[in-house]
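In: here's a sequence, model it:
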Amino acid sequence: MNRPWTTPADIRTRVQRRWSDGSVLRAYAAGEEFPRIEVPLRGPKPSEIGDALGAVQAWVADLEAGRRNNRFSLNYTAVGGRLIGRNMIPSRAIVSSYQQTWSLLGVADEVRRFEEVLALVDGSKVREWVLAHPLKAIALADEWPGLLSAYKWLDSARGSGVYLREISAPGVDTKFVERHRTLLASFLGIPGSANGFLASLGLRAKPEFVRLRTAPSLGLYPPLSELSARVDELPELDLKVGTAVVIENEVTYLTMPVPADGVVLWGKGFDVHRIGALRWLSSAEVFYWGDLDTHGFAILNQLRAWLPHARSFLMDRETLLAHRDRWVTEHSPTAAQLEHLTPDEADLYADLVSDRYGERIRLEQERIDWVWASDHMPAGGA
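Out: Take a look at the predicted model:
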């Protein structure tokens, strides 16, 4: 018969919580007195002792066996009375030292590794992280020499403008840093994203590129019909662009006729900000065509933050409803407030967010009939 009496495993579970949340290791590292842990024991009622004496004796023996090798101590309390006599049974388990905790949980090796990590990070800002995340620090025990080497180099290289590839920290290469980027960012107090990591340290990032197809009238490196140029250099071109068409999808970008006086640019979704920063577009007539879904309007909104005069095309209610048979599902729609949409765009965006025409509907740019698209392109874009 199973009885709801406390077992050595239950006592271990209670102590395990202090290990798992890191509190007992933090106290140990700080040299604090052990935070005594007392576990009240659920045991037999006085009325059960006489009827199940054998089970009670086995329960007590199990607890006594559990405390061997200095895992915990037991307090006994007298129970019973005239009918069954006075009996001393365990009422409380007490863990009163770090050594008892290590023995009970079987973590002596982990504690030794923790001590080794603490010795490595002594006097370093990284120590704060180790104390805040002791179990993670133990799991990384073999990585610490490289982590500290990378941390010291990155901290000293702040604002240097060098590429990460130039790292000269002993035993560390770029692959190591990229693999542990989020962790190193925590040490350094900077964002953990790839771009944020480099930008916050003042290191040079891999250059970003914009692809564009140009009209011959611009006279840009004939006979080339397409260029891929660095984002930080492209704004410096002295281009006299009359009309610019920004397209989200790559194949549609390649298919789109180039305006006689301008360019077609591949927007690449939310990378459209790279195009928005091109100063020679501020005086051009700019058109944007993206997917007819919530994120398509979010991208348009982002482009307009840079180029308020940009106009959308084929992102209207008529186009959406004319292609019902080509709708698909938008997997993770947004409901963000978009401040740069026209009234008609904002109304259609609201209908998509509220599922007016169906749940999470989406009309991808490449699904729009090309004859329909050709008939509805802006005059300046053909």
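In: ok, and for stretch 366-375, which residues are buried?
Out: Residues of stretch 366-375 classed as buried by neighbour count (16 or more other Cβ atoms under 10 Å): 368, 373. Quick note: C-beta positions are derived from backbone N, CA and C, even for glycine.
In: first to last residue in it, what's the distance?
Out: This stretch, stretch 366-375, spans 15 Å end to end (Cα to Cα, to the nearest Å).
In: likewise for stretch 275-290?
Out: Stretch 275-290 end-to-end distance (Cα to Cα) = 14 Å.
In: just stretch 222-239 next, same as before
Out: 14 Å.
In: next: stretch 192-207.
Out: Using Cα to Cα, the end-to-end distance of stretch 192-207 comes out at 19 Å.
In: pull out the buried positions in that stretch.
Out: For stretch 192-207, by 16+ other Cβ under 10 Å, it's 197-198, 200-201, 203.
In: so what's residue 212 bridging to?
Out: Note on residue 212: beta-bridge partners by DSSP bridges are residue 227, residue 265.
In: I figured it was touching residue 262, is that so?
Out: No - if you go by Cβ atoms under 8 Å, residue 212 and residue 262 don't touch, sitting 9.8 Å apart.
In: show me which of those two is the more surrounded one.
Out: residue 262 (27 against 24; other Cβ atoms under 10 Å).
In: and the gap between the closest residue to that one other than its chain neighbours and residue 294?
Out: Once flanking residues are discounted, residue 262 sits nearest to residue 243: 3.8 Å by Cβ to Cβ, 6 or more residues apart in numbering. The gap separating residue 243 from residue 294 is 28 Å, by Cβ to Cβ, to the nearest Å.
In: just give the number of residues close to the residue nearest to residue 262.
Out: 21.
In: how is the protein carved up into domains?
Out: Listed by automatic domain parsing, the domain ranges of the chain are 8-106, 109-201, 209-381.
In: could I get these as a markdown table with mean pLDDT?
Out: Listed next are the domains of the chain as a markdown table, based on pLDDT from 0 to 100:
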| stretch | mean pLDDT |
| --- | --- |
| domain 8-106 | 88 |
| domain 109-201 | 93 |
| domain 209-381 | 93 |
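In: pairing partners for the lengthiest strand in the chain, with directions?
Out: Ranked by residue count and defined by DSSP state E, the top strand of the chain is strand 85-95. In the sheet, strand 85-95 lines up against strand 37-40 (antiparallel), strand 73-81 (antiparallel) (DSSP bridges).
In: return the most buried member of those.
Out: Mean neighbour counts were taken over these using mean count of other Cβ atoms under 10 Å, and the top value, a mean of 15, falls to strand 37-40.
In: ok now the very next helix or strand once past that strand, how far from the chain's centre?
Out: Sequence-wise, the next helix or strand downstream of strand 37-40 (DSSP states H and E) is helix 46-51. Averaging C-alpha positions (Cα atoms, centre = their mean, to the nearest Å) puts helix 46-51 57 Å from its chain's average.
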